[in-house]
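K.L.:
quick one: sequence plus predicted model below, questions after.
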Amino acid sequence: MSYIIGSYENYIKGVWQKPKSGEYKEQLSTIDGTAVSKCAMSNLEDVSEAVAVAKIAFETEDWSNNPRKRSKALLAWAAKLKERISELATELSWQVGKPYKEAFGEMMGAIGYLEYYAGAARTLYGSTTSIDENTLSVMCREPVGVIGVIVPWNYPITLLMRDMAPALAAGNTCIVKPAEQTSGITMKVISLLEGIPEFPVGVVNAITGKGSLIGNALVKHKDVDMIDFTGSVDVGKEIMQQAADTMKKLSLELGGKSASIIFADADMEKALPYALKSIFSNAGQLCTSASRILVEESISEEFLSRLKTMTEALVVGNPLDQSTEMGAMNTPVQMETVLAYIEEGKKQGQLLTGGYRVTENGLGKGYFVAPTIFVNLPFDSALVQEEIFGPVLCVQTFKTEEEAIFYANGTCFGLASGVWSQNIDRAMRVSKKMRAGTTWVNCYNRLMPECETGGYKQSGIDRAGGIEGINKFTEVKHLCIDFAPAI
Ligand code: NAD
């Protein structure tokens, strides 16, 4: 059988290898349930082999000491993605369920990270200080070693590159573990580095299979020096515990329940379309989604009425249709989870719009949920406090600035936040009070390679993107040079 995205073995030591188990799994399209790719189901032997290869490559290949070569390798990979961007974006739509233009944007994001970190590879400076007349201290940045890069399914290509490109740029070697649901498209992108002469054999390896088996094995492996994980808070916590035995470095980019605060003096013509996009992009399956909106009571009636009209006009449909504005949930399980939250919400608050599975026009074969808005749910309800990861927006009203800040910061997450006001003093005052890794002022979800993103509280540890996003893949060595004459 042939698959739109392809059929992939594990990529270890520069060759495609059958998994030791001999087993494979198909990934199903979110649009109509057809199989779109097939990938290996690896076991612990495959993990051991990939780790051993990555370790040898780190120790012996011309890579960790050759930033120019690393830069060229990343640029060449970016060029390969650009050449085939339409094909890759189409396949990404099939696999994740997001509209083609969002998938295209995701591919552009991935290319952006590769290009940015190709530059950063050549400017990864340490620092020096002179302690006294006869001592010079040099702080060198050295690569950490073998990195396990564990990727989620919602942005499988951008997030792969957000983390893998800086890991490679800093001179490390990698083992990628894609999400099971989107292994096909991730392995296809990996396959495009084949034939790039600047990539030494064994620097990039990728194995597919169950997170609880092979992801866990990477976390526990003594020769994996660092785990870079993007995914849920629950798995992040498990990883933190499991990594303790080998005391490896961890970077955890986890979930969120972000709030956008809309003050009465906000520019409504700008805030409304942003409000829509910030929750319904990728059908709400985005870690930084503004899944909560806090709107000042004095404008709430008009705001909600306009938001409802705009939401009901959104075209939900086949992601590959040009007119589609919102696509599918990634799996039936995800869809059922979202629908269960919606049923709970109906018991607790006012449903403004949506609240059902979409099955018309042939969408019944896929996993589509109508864009849904609840108003004034109790603040301690699960819908307000937990990450639903679907097209469900909770709107609450507030009367004072203090109340808005209290609500915005009132969950266990701290990934992102938004502040909408044309009063610069208020916008600055409130932004500084947000306990979140990013605060967008009069915009939302502006994510870019040059700037850091990451979580306060349970949304994670460390930062991705920007200079911090490459520095975390280094160890700092203090080289102390004494040139005092013998006494
Ligand atoms: P998930 O935690 O279920 O899985 C993420 C990855 O971890 C997958 O590759 C999975 O196979 C693997 N995994 C599962 N169990 C594991 C284990 N025990 N040990 C090691 N690896 C294991 O998350 P998901 O459902 O794929 O992604 C959605 C979540 O990711 C949401 O919570 C979302 O907010 C979060 N996310 C965060 C960011 C960010 O930058 N902060 C970005 C995207 C997604």
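P.N.:
Received the coordinates, thanks. Numbering: from 1, shown residues only.

K.L.:
which of the helices or strands spans the residue most central in space within the chain?
P.N.:
When Cα atoms, centre = their mean is applied to the chain, the residue found nearest the centroid is Leu159 (4.4 Å). Assigned by DSSP states H and E, Leu159 belongs to helix 158-169.

K.L.:
near the ligand, which residues of this protein show up?
P.N.:
150-155, 159, 177, 179-180, 211-212, 215-216, 219, 230-232, 235, 238-239, 253-256, 287, 387, 389, 415, 460 (Cβ under 6 Å from any ligand atom). For the C-beta atoms, the positions are set from N, CA and C on the backbone; glycine is no exception.

K.L.:
residues in contact with the residue nearest to the centre of the chain?
P.N.:
151-152, 230, 253 (Cβ atoms under 8 Å, 6 or more residues apart in numbering).

K.L.:
including distance to Gly345, could the residues you listed go into a markdown table?
P.N.:
Shown next, in a markdown table, are the contacts of Leu159 (distance: Cβ to Cβ, whole Å):
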| residue | distance to Gly345 |
| --- | --- |
| Val151 | 30 |
| Pro152 | 25 |
| Thr230 | 28 |
| Glu253 | 27 |
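
K.L.:
is Leu252 part of a helix or strand, or is it coil?
P.N.:
strand (DSSP: H, G, I helix; E, B strand; the rest coil).

K.L.:
can you find which helix in the chain contains the most residues?
P.N.:
helix 100-121 (DSSP state H).

K.L.:
what element comes up after it heading to the C-terminus?
P.N.:
strand 127-132.

K.L.:
for the helix or strand following that following strand, C-alpha coordinates in CSV please.
P.N.:
Next along the chain after strand 127-132, taking DSSP H and E as the criterion, comes strand 135-143. The C-alpha trace of strand 135-143 is given here as CSV (Å, rounded to 0.1, in the frame of the first residue of the first chain):
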residue,chain,number,x,y,z
THR,A,135,44.8,35.8,35.6
LEU,A,136,42.5,35.6,32.7
SER,A,137,39.2,33.7,33.0
VAL,A,138,37.5,32.5,29.8
MET,A,139,34.0,31.3,29.9
CYS,A,140,33.7,28.9,26.9
ARG,A,141,30.4,27.6,25.6
GLU,A,142,30.6,23.9,24.7
PRO,A,143,27.9,21.6,23.4
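
K.L.:
may I see the buried residues of strand 135-143?
P.N.:
Across strand 135-143, burial judged by 16 or more other Cβ atoms under 10 Å covers 141-143.

K.L.:
ok, of these, which one's closest to Glu296?
P.N.:
Arg141 (46.7 Å; Cβ to Cβ).

K.L.:
run through the bridge partners of the closest one.
P.N.:
Val476 (DSSP bridges).

K.L.:
let me see the contact set for it.
P.N.:
By Cβ under 8 Å, 6+ apart, the neighbours of Arg141 are 124-126, 170, 471, 474-477.

K.L.:
check which helices and strands the worst-scoring helix or strand of the chain on mean pLDDT sits against.
P.N.:
Across the helices and strands of the chain, mean pLDDT, DSSP states H and E gives its lowest value to strand 127-132, namely a mean of 94. With contacts taken as 3 or more Cβ pairs under 8 Å, 6 or more residues apart in numbering; DSSP states H and E, strand 127-132 sits against strand 135-143.

K.L.:
the strand it packs on vs strand 127-132, what angle?
P.N.:
160 degrees (axes from the mean of the first three to the mean of the last three Cα atoms, to 10 degrees).

K.L.:
centre of the chain to strand 135-143, how far?
P.N.:
Remark: strand 135-143 is offset 32 Å from the chain centroid, using Cα atoms, centre = their mean, to the nearest Å.

K.L.:
how about stretch 447-459?
P.N.:
Taking mean C-alpha positions (Cα atoms, centre = their mean), stretch 447-459 and its chain are 10 Å apart.

K.L.:
ditto for stretch 144-159
P.N.:
When C-alpha coordinates are averaged (Cα atoms, centre = their mean), stretch 144-159 and its chain have centres 8 Å apart.

K.L.:
distance between the ends of it?
P.N.:
By Cα to Cα, to the nearest Å, the extent of stretch 144-159 from end to end equals 20 Å.

K.L.:
can you give me the mean pLDDT across it?
P.N.:
For stretch 144-159, mean pLDDT is 98.

K.L.:
same deal with stretch 350-361?
P.N.:
97.

K.L.:
what does the least confident helix or strand of the chain rub up against?
P.N.:
Contacts of strand 127-132 (Cβ under 8 Å, 6+ apart): 136-139.

K.L.:
stretch 469-481 too?
P.N.:
Contacts of stretch 469-481 (Cβ under 8 Å, 6+ apart): 117, 120, 124, 126, 135-144, 147, 162-163, 166-167, 169-170, 172, 226, 228, 249, 251, 452, 462-463.

K.L.:
take stretch 409-424, keep the C-alpha atoms, and write them as PDB.
P.N.:
Included here for stretch 409-424 are C-alpha records, laid out as PDB according to Å, rounded to 0.1, in the frame of the first residue of the first chain:
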ATOM      1  CA  ASN A 409      -2.700  34.900  36.800                       C
ATOM      2  CA  GLY A 410      -5.200  32.600  38.600                       C
ATOM      3  CA  THR A 411      -4.300  29.200  37.100                       C
ATOM      4  CA  CYS A 412      -1.300  26.900  37.500                       C
ATOM      5  CA  PHE A 413       0.000  27.800  34.100                       C
ATOM      6  CA  GLY A 414       2.100  30.800  32.900                       C
ATOM      7  CA  LEU A 415       2.900  30.400  29.300                       C
ATOM      8  CA  ALA A 416       1.400  33.500  27.600                       C
ATOM      9  CA  SER A 417      -0.900  36.500  28.100                       C
ATOM     10  CA  GLY A 418      -2.300  39.400  26.200                       C
ATOM     11  CA  VAL A 419      -3.100  43.000  27.200                       C
ATOM     12  CA  TRP A 420      -5.300  45.200  25.100                       C
ATOM     13  CA  SER A 421      -5.400  48.900  25.800                       C
ATOM     14  CA  GLN A 422      -4.600  52.200  24.100                       C
ATOM     15  CA  ASN A 423      -3.500  53.700  27.400                       C
ATOM     16  CA  ILE A 424       0.300  53.100  27.400                       C
END
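
K.L.:
what are the buried residues along that stretch?
P.N.:
Neighbour count says stretch 409-424 has 409-411, 413-421 buried, by 16+ other Cβ under 10 Å.

K.L.:
among these, which are in strands?
P.N.:
416-420 (DSSP state E).

K.L.:
kindly reformat those residues as CSV containing pLDDT.
P.N.:
Formatted as CSV, these follow (pLDDT from 0 to 100):
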residue, pLDDT
Ala416, 98
Ser417, 98
Gly418, 98
Val419, 98
Trp420, 98
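
K.L.:
quick one: Leu294 from Phe303, how far?
P.N.:
The gap separating Leu294 from Phe303 is 11 Å, by Cβ to Cβ, to the nearest Å.

K.L.:
okay, and the common contacts of those two?
P.N.:
What both Leu294 and Phe303 touch, as defined by Cβ under 8 Å, 6+ apart, is the set Ile262.

K.L.:
Ile190 contacts Tyr11, correct?
P.N.:
Yes: between Ile190 and Tyr11 there is a contact under Cβ atoms under 8 Å: 5.5 Å.

K.L.:
list residues touching both of these two?
P.N.:
Joint contacts of Ile190 and Tyr11 (Cβ under 8 Å, 6+ apart) are 204, 206.

K.L.:
got the contact list for the closest residue to the ligand within the stretch 1-150 of the chain?
P.N.:
Here the stretch 1-150 of the chain gets closest to the ligand at one residue, Ile150, 4.7 Å apart by Cβ to the nearest ligand atom. Each residue near Ile150 by Cβ under 8 Å, 6+ apart is listed here: 177, 211, 215, 218, 227-231, 239.
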